[in-house]
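# how would this look folded up:
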Amino acid sequence: MKIIDYFACDNQEHRLNEIKRSDWGAGQFLYELLRDNRLKELCGESARVLLLIDGDALMSFCTYAEQDDIREPSLTPWVGFVYTFPEYRGKSRMGKLLERAYALAKADGYEHIYISKGKTGLYEKYGYSFWKMMKDMNGEDSRVYRMDIARKDFSNILGQTVSGTIDRPLGGTHPRHPDMIYPINYGYVDGIFAGDGAEQDVYVFGVSEPIKSFTGKVLRFGTG
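Down below sits the predicted model:
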């Protein structure tokens with residue numbers, strides 16, 4: 001399971017057809033915008049479509065963009081078109097995309113991130129708070145939610161138990177540099193994002209054989 005950007009993926013036609021499968025009107029609108037190459041015209045040239053995938057299967061998607069259906073240039077960035085396919089609901093799939101959008105906003109230097117038309121009780125659990133009512137591009141009332149971007153130092157996860165994936169196992173070779181061999185298991189922590197928007201890198205110490213995943217406690221370097 002990983003998050004990719006539609007605009008940077010190799011198999012856009014397949015991903016576009018997966019978006020088309022959504023049973024949601026806004027999802028169909030996103031499909032049409034992407035099909036007709038109009039999303040960036042509407043939402044800004046830096047717009048991204050974040051896709052949570054498991055192999056070929058698309059589980060959830062959203063946009064991260066300068067603008068959304070609230071046309072107020074001073075308010076940016078926005079998360080929009082948030083959707084999870086029915087068979088993947090109930091397991092915080094959407095939360096992974098919202099975490100990635102938050103990390104991107106932080107890396108881009110923003111102070112806030114916004115979502116509009118959220119249902120009451122849906123986005124609050126992910127750190128968003130109702131901000132105010134605004135008019136959308138069709139002149140209709142829309143609930144706008146906002147989350148402040150904190151400048152975290154990750155001290156809040158020290159001592160916590162986390163899990164993750166090892167995509168560069170001990171003894172394996174670098175995908176682009178086969179002469180580079182990894183002397184330790186190297187991967188990423190699920191749900192913890194670094195400043196570049198990618199999941200936080202991790203080295204797993206104390207294991208002398210290749211592994212595919214891990215669960216362990218976060219320690220400050222130099223402590224036992």
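
# can you show me the helices along this structure?
12-20, 25-35, 39-43, 93-107 (DSSP state H).

# just name the most buried of those helices.
Ranked by mean neighbour count under mean count of other C-beta atoms under 10 Å, those are led by helix 93-107, which reaches a mean of 21. From N, CA and C alone the C-beta is placed, and that goes for glycine too.

# off-centre distance for it?
4 Å (C-alpha atoms, centre = their mean, to the nearest Å).

# about what we covered before: TSV please, covering the helices of the chain and showing mean pLDDT and distance to Asn185.
Conversion of the helices of the chain to TSV gives the following (pLDDT from 0 to 100; distance: least, C-beta to C-beta, whole Å):
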stretch	mean pLDDT	distance to Asn185
helix 12-20	95	30
helix 25-35	95	37
helix 39-43	94	39
helix 93-107	89	22
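
# output these in TSV; the columns should cover distance to Arg143.
As requested, the helices of the chain are exported to TSV (distance: least, C-beta to C-beta, whole Å):
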stretch	distance to Arg143
helix 12-20	24
helix 25-35	15
helix 39-43	19
helix 93-107	16
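
# next, count neighbours for the closest residue in space to Ile166 that isn't next to it in sequence.
Once flanking residues are discounted, Ile166 sits nearest to Gly187: 3.8 Å by C-beta to C-beta, 6 or more residues apart in numbering. Each residue near Gly187 was counted by other C-beta atoms under 10 Å, and the total is 21.

# verify the contact between Gly187 and Leu170 for me.
No. The pair Gly187 and Leu170 does not pass the contact test of C-beta atoms under 8 Å, sitting 10.7 Å apart.

# can you map out the strands along this structure?
With strands called from DSSP state E, the chain shows them at 2-5, 48-54, 57-65, 78-84, 112-116, 129-135, 141-148, 161-168, 185-193, 199-204, 213-217.

# give me the sheet partners of the first one and which way each runs.
When sheet partners are counted by DSSP bridges, strand 2-5 sits next to strand 48-54 (antiparallel).

# just the third one next, same as before
Partners of strand 57-65 in the sheet, by DSSP bridges, are strand 48-54 (antiparallel), strand 78-84 (antiparallel).

# same thing with the last one?
If you go by DSSP bridges, strand 213-217 pairs up with strand 161-168 (antiparallel).

# buried residues of the partner strand, list them for me.
Val162, Gly164, Thr165, Ile166, Arg168 (16 or more other C-beta atoms under 10 Å).

# which one is the second one nearest to, not counting chain neighbours?
So that's Gly164. Looking at Gly164 with C-beta to C-beta, 6+ apart, the closest residue is Val189, at 4.2 Å.

# what is the burial count for that neighbour?
Other residues within reach of Val189, judged by other C-beta under 10 Å, total 19.

# ok, it touching Asp167?
No. Using C-beta under 8 Å, Val189 makes no contact with Asp167, being 12.0 Å away.

# overlap in contacts of these two?
Shared contacts of Val189 and Asp167, defined by C-beta atoms under 8 Å, 6 or more residues apart in numbering, are absent.

# sorry, back to before: just the closest of the buried residues of strand 161-168 to Ser74, please.
Val162 (37.0 Å; C-beta to C-beta).

# what sits against the nearest residue to that closest one once chain neighbours are set aside?
Nearest residue to Val162, sequence neighbours excluded (C-beta to C-beta, 6+ apart): Val189, at 5.1 Å. Taking C-beta under 8 Å, 6+ apart, we find Val189 in contact with Val162, Ser163, Gly164, Glu199, Gln200, Val202.
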